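Chemist: Provided below are the primary sequence and the corresponding predicted coordinates.
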There are 6 protein chains.
Amino acid sequence: MSEFETGLPSVRLIQSYIKDKEQVQLKLVTGDLLEGRIFWQDHSCICLLDASETQILISRPAIAYLKPNG
Amino acid sequence: MSEFETGLPSVRLIQSYIKDKEQVQLKLVTGDLLEGRIFWQDHSCICLLDASETQILISRPAIAYLKPNG
Amino acid sequence: MSEFETGLPSVRLIQSYIKDKEQVQLKLVTGDLLEGRIFWQDHSCICLLDASETQILISRPAIAYLKPNG
Amino acid sequence: MSEFETGLPSVRLIQSYIKDKEQVQLKLVTGDLLEGRIFWQDHSCICLLDASETQILISRPAIAYLKPNG
Amino acid sequence: MSEFETGLPSVRLIQSYIKDKEQVQLKLVTGDLLEGRIFWQDHSCICLLDASETQILISRPAIAYLKPNG
Amino acid sequence: MSEFETGLPSVRLIQSYIKDKEQVQLKLVTGDLLEGRIFWQDHSCICLLDASETQILISRPAIAYLKPNG
């Protein structure tokens, strides 16, 4: 999993959302729409904190799109 | 399958759920919502023990998200 | 396909189901629920024998979960 | 694509269906059920000949399962 | 992406459809059925020209099957 | 992720849409149809700017097809 390149624009954009505690929406391939702030990312997952501070471990391949919840 | 890196945050979070016998929810790409505690994980699967202690072998690519069932 | 590691817990669990002629349920990403016993596995597929001894070649990525049919 | 191993049980089973002009059913992840005989396989696809001898090029990842149409 | 092997039967069949300006149907995993002629293919996509000569860039993993529209 | 080959026809077509600020439609595997212009692409994502200039980070595997919104 050394192929997780922190210099990738998509990785850096998510990193900026983490740093700014940006509220985001994640649409999953299941059709689920999750909301919260991104806590961390790694090669295989994105960890979302929802409104009740629950850690939701989301599998990257299950993510359709991600955007600021503005 | 040597790329299963036990140092990854997502792998370690699941490892902590295993150790703590945390009750979790798994949403699958099929829409199924499974509940139980995680028995073990390997590169390709997560093994869940449901309420009747049945081993459910879940394929990683089929997992949309995972969270504590709190 | 040399990455099929027979020492993986998930591979060994399936191998034990094969040896014990365990009746299993397989939930597919299509929503199909297949029942029977596992005849063999390889890197890309699981071969299921249904009640009429028909060989059903199931693609691994199509499998959501697998459990004993108990 | 050198990883297409002709010695794999699943590849050999399909090869036997090709040789025997076995009528098969293919269930796809779209829910489609295709019927015909397998004309050839390669690393990425299975080519099916339907009743009107039309070549249907099926992407392997789209296949859920395959079985004799008996 | 050097693994795009132009000698593969599936790649060559599509190449013949391109050369012959064959009208084809593409069934996608979304259930969409697209029609037109294939303009070109590369490792990750197939470019379809529909009836109005619009270029539709189709992701390979999204393709379920492809057949002549005869 | 060094396998992101900028010389690929599909990558270059998207690059031309970026440069020309072409309005495009993206159909996702979820069935969602997104519209906007492509801001940038990298190995794993396409970043779309919608009508309100919101950055929508779209996972490549979630894309079914992409075409000019003409």
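Modeler: In hand now; what should we look at?

Chemist: drop to CA atoms for contacts and neighbour counts, all remaining ones
Modeler: Fine.

Chemist: in which helix or strand would I find the closest residue to residue A:68 other than its chain neighbours?
Modeler: With CA to CA, 6 or more residues apart in numbering or on different chains as the measure, residue A:24 is the residue that lies nearest to residue A:68, at 4.3 Å, once sequence neighbours are left out. Here residue A:24 sits within strand A:23-28, counting by DSSP states H and E.

Chemist: same for that strand, what does it pack against?
Modeler: In this structure, strand A:23-28 packs against strand A:33-41, strand A:63-68, with contacts taken as 3 or more CA pairs under 8 Å, 6 or more residues apart in numbering or on different chains; DSSP states H and E.

Chemist: Could you give the bridge partners of the residue nearest to residue A:68?
Modeler: Note on residue A:24: beta-bridge partners residue A:36, residue A:68, judged by DSSP bridges.

Chemist: Hmm, it is touching residue A:50, no?
Modeler: No. Taking contact to mean CA atoms under 8 Å, the distance of 9.9 Å between residue A:24 and residue A:50 leaves them out of contact.

Chemist: any common contacting residues for those two?
Modeler: The contact sets of residue A:24 and residue A:50 overlap at A:35, A:36, A:37 (CA atoms under 8 Å, 6 or more residues apart in numbering or on different chains).

Chemist: Counting neighbours, what do you get for the last one?
Modeler: Which is residue A:37. As a burial measure, the neighbour count of residue A:37 was computed by other CA atoms under 10 Å in any protein chain shown and equals 25.

Chemist: Which residue is the nearest non-sequential neighbour of it?
Modeler: Beyond its immediate neighbours in the sequence, the residue positioned closest to residue A:37 (CA to CA, 6+ apart) is residue A:23, lying 4.8 Å away.

Chemist: Quick one: residues contacting that neighbour.
Modeler: Taking CA under 8 Å, 6+ apart, we find residue A:23 in contact with A:17, A:35, A:36, A:37, A:38, A:68, A:69, A:70.

Chemist: Can you lay out those as CSV showing pLDDT?
Modeler: Formatted as CSV, the entries for the contacts of residue A:23 read as follows, by pLDDT from 0 to 100:
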residue, pLDDT
A:17, 98
A:35, 98
A:36, 98
A:37, 98
A:38, 98
A:68, 98
A:69, 94
A:70, 76
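
Chemist: ok, so of the residues you listed, who is nearest residue C:31?
Modeler: For residue C:31, the nearest member of those is residue A:35. The distance, counting by CA to CA, is 26.6 Å.

Chemist: Looking at chain A, which residue is nearest chain C?
Modeler: Residue nearest to chain C within chain A: residue A:30 (10.9 Å; CA to the nearest CA).

Chemist: Assess the claim that residue A:61 and residue F:60 are in contact.
Modeler: No. Between residue A:61 and residue F:60 there is no contact, the gap being 9.3 Å when judged by CA under 8 Å.

Chemist: who touches residue A:60 in this structure?
Modeler: Listed by CA under 8 Å, 6+ apart, the contact partners of residue A:60 are A:44, A:45, A:46.

Chemist: Just to be sure, which of the residues you listed are found in strands?
Modeler: Judged by DSSP state E, the subset of the contacts of residue A:60 located in strands is A:45, A:46.

Chemist: Tell me which residue lies nearest the centroid of chain A.
Modeler: By CA atoms, centre = their mean, chain A has its centre lying nearest to residue A:46, at 4.4 Å.

Chemist: what bridges to it?
Modeler: Partner residues in beta bridges with residue A:46: residue A:41, residue A:58, with DSSP bridges as the criterion.

Chemist: Would you list the phi and psi of residue A:7?
Modeler: When quoted as degrees, to the nearest 10, the phi and psi of residue A:7 stand at phi -90, psi -10.

Chemist: No more questions from me, cheers.
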